[in-house]
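A.B. asks: structure for this input, please:
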Amino acid sequence: MNRLHSVLRGFANLSAVLALSFACGTTHAQKASAAASSSAPPSSGVYYEIFVRSWYDTNGDGIGDLNGVTAKLDYLQSLGISGIWLMPINPSPSYHGYDITDYYGINPQYGNLHDFQHLLAEAHKRGIKVIMDLVINHSSNEHPWFKAGLDPRNRYHDWYAWSGKYTDLDTLSATGVNAWHASAAHGGHYLGIFATTMPDLNYDNPAVRAEMVDVGRYWLRKGVDGFRLDAAQHIYDDLQSDVDDPAVLVKNIAWWTEFRNGINAVNPHAYVVGEVTRKSAIELAPYLKPLDAVFNFPLATLLIDCARQERNLSLAAILQHTYATYGAATDGHFDDAPFLSNHDQERVMSQLDDNPQHMRMAAALLLTLPGQPYIYYGEELGTRGRKPDQAMREPMRWDRALDTHGETTWEASTSGNAADVSVEAEMSDPNSLLHYYSKLIHWRRDISALRDGSFRIYPEANDHLVAWERADAQGTVLVVHNLSGATQSMPLDVPGEPHFNHVLRQSTTGATIEADSLKLPPYSSAILQ
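C.D. replies: Residues are numbered from 1 along each chain as shown. Okay, here's the model as predicted:
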């Protein structure tokens, strides 16, 4: 980190090059805003990830459903959410849904196509976009294609990858598990880089590629606004030897370009965000050519580390370098997709050892960044959850009591999410984390520069503070966060910088400007004008 910090100070000095008047580029948010009706309410640009099974149950079977998502759209609207990402809603034999048996169907436990289209219609009435998980790196081993393909004479046989005479059956996959799995019915082995139940589709087969473009087109015609692409890097990144192979990257990008071009025929404005679990901006950047955005996994780690350690850890400089890297790869046209955690990671409150102040600062950092920030359901309540995976996907807590209508019961909570970690409890407490999240999200709605503006580093006075400028046609604001438990001061008479003399928003109270200096209370954030 120290070596990176020194390198990035060099970047900070290249202000003419890295002033980042990429706004950040021509972003999806700006394109969508231009296409929207002038009478539509302002957008926050914030997306919200929902595991339907754990969300809200309308038919009393203990499992969340699509009608439950519809029933809680007003909650999401009041929070300030502009888009929702639905984890897999297709038929699947598993609880999580990431092994699909019908790409054109709806999981009957969640409802039917009519329920889904009703959800889309009601969400769109509220200005909320809906993107769905597209899980096409692999299917379920119970998919009719795979079952038919067990017969080598069947046309679906070549829709999957099978071992050959010289295949090393002990090879590890890119995800660290056995890559090859025995099939008693077939007599050979098939590729499945995640699990035995998830055989990889063969994208060297043109029929597979054409089918998956058709899947995307089908759901766009039904009204979805785009897709979250599961395992986007693993279409060809199958074995550990593939992980850093440039030829594999080229093939991945070629496929997603083909997919993008294919769905453009139905909706050229569809928003497509990819799951690419790489560790640096330079590894993520190539995917921004065919996709609108990729989830910023290295940033998620850094944001939580900053909050936990109460240090800026060169965050602003690293962000500036990230956006410069993205801009160079895309001619300045890109979005970022920052987040703190998702369904595959331990929940933020648990990562921060239940420290509520650190949780608030992590949220404040996230929600003042460029791009479309993502919130994992329940994050705004401080929901806890550590491995195993089921514990990170436990039911959303709506009421203090667990036996009220709508509470899902498919999985018992083991993470210590008591009655106070519920929507009912936090709605009634004006100082709750829920109200804090809502405040920050509404800042993005009300201050266009926070949502669509450029990003530029601002010199911090000490390592407990982090600051950056956001600017658009409506003006420039300065974002300042005090990550520490002590009051901090920062000079505002910086040569070459705008003169900020007004506190436009603050997360608590007590932020003051005196004699060209900002004084910021502990664990707080301020927007200056």
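
A.B. asks: for Val477, which three-state class applies?
C.D. replies: strand (DSSP: H, G, I helix; E, B strand; the rest coil).

A.B. asks: please name every helix or strand in contact with the longest helix anywhere in the chain.
C.D. replies: Across the chain, the longest stretch assigned as helix under DSSP state H is helix 246-264. The contact analysis (3 or more CB pairs under 8 Å, 6 or more residues apart in numbering; DSSP states H and E) places helix 246-264 against helix 206-222, strand 271-274. In short, each C-beta sits where N, CA and C put it, glycine included.

A.B. asks: next secondary structure after the first one?
C.D. replies: When you say that, I think you mean helix 206-222. strand 226-229 (DSSP states H and E).

A.B. asks: keeping just the C-alphas, turn that next one into PDB.
C.D. replies: These are the backbone C-alpha positions of strand 226-229, laid out as PDB (Å, rounded to 0.1, in the frame of the first residue of the first chain):
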ATOM      1  CA  GLY A 226     -31.200  -4.800 -18.000                       C
ATOM      2  CA  PHE A 227     -29.100  -7.600 -16.500                       C
ATOM      3  CA  ARG A 228     -26.600  -8.400 -13.800                       C
ATOM      4  CA  LEU A 229     -24.300 -10.800 -15.500                       C
END
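
A.B. asks: show me what it pairs with in its sheet, parallel or antiparallel.
C.D. replies: strand 129-134 (parallel), strand 271-274 (parallel) (DSSP bridges).

A.B. asks: for the stretch 401-529 of the chain, which segments count as helices?
C.D. replies: For the stretch 401-529 of the chain, the helices defined by DSSP state H, counting those that start in this stretch cover 423-427, 433-446, 448-452.

A.B. asks: next: the stretch 1-150 of the chain.
C.D. replies: Counting by DSSP H, counting those that start in this stretch, the helices of the stretch 1-150 of the chain are 2-13, 15-18, 28-35, 52-55, 66-71, 73-79, 113-125, 144-149.

A.B. asks: residues touching the closest residue to Phe259 other than its chain neighbours, list them.
C.D. replies: The shortest distance from Phe259 to any non-neighbouring residue, by CB to CB, 6 or more residues apart in numbering, is to Val213 (5.9 Å). By CB atoms under 8 Å, 6 or more residues apart in numbering, Val213 lies in contact with Glu258, Phe259, Gly262, Ile263.

A.B. asks: how about Tyr377?
C.D. replies: Tyr48, Glu49, Ile50, Phe51, Ser54, Trp55, Thr383, Met396.

A.B. asks: the residue lying closest to the third one once chain neighbours are set aside and Ile128, how far apart?
C.D. replies: Nearest residue to Ile50, sequence neighbours excluded (CB to CB, 6+ apart): Tyr377, at 5.2 Å. Separation of Tyr377 from Ile128 (CB to CB, to the nearest Å) stands at 14 Å.

A.B. asks: now Pro498
C.D. replies: On the measure of CB to CB, Pro498 and Ile128 end up 34 Å apart.

A.B. asks: of the two, which one has the most company?
C.D. replies: Ile128 (21 against 16; other CB atoms under 10 Å).

A.B. asks: how about the more buried one, what does it touch?
C.D. replies: Leu73, Leu76, Gln77, Ile81, Ser82, Gly83, Ile84.

A.B. asks: any buried residues in stretch 159-169, and which?
C.D. replies: Trp159, Tyr160, Ala161, Trp162, Ser163 (16 or more other CB atoms under 10 Å).
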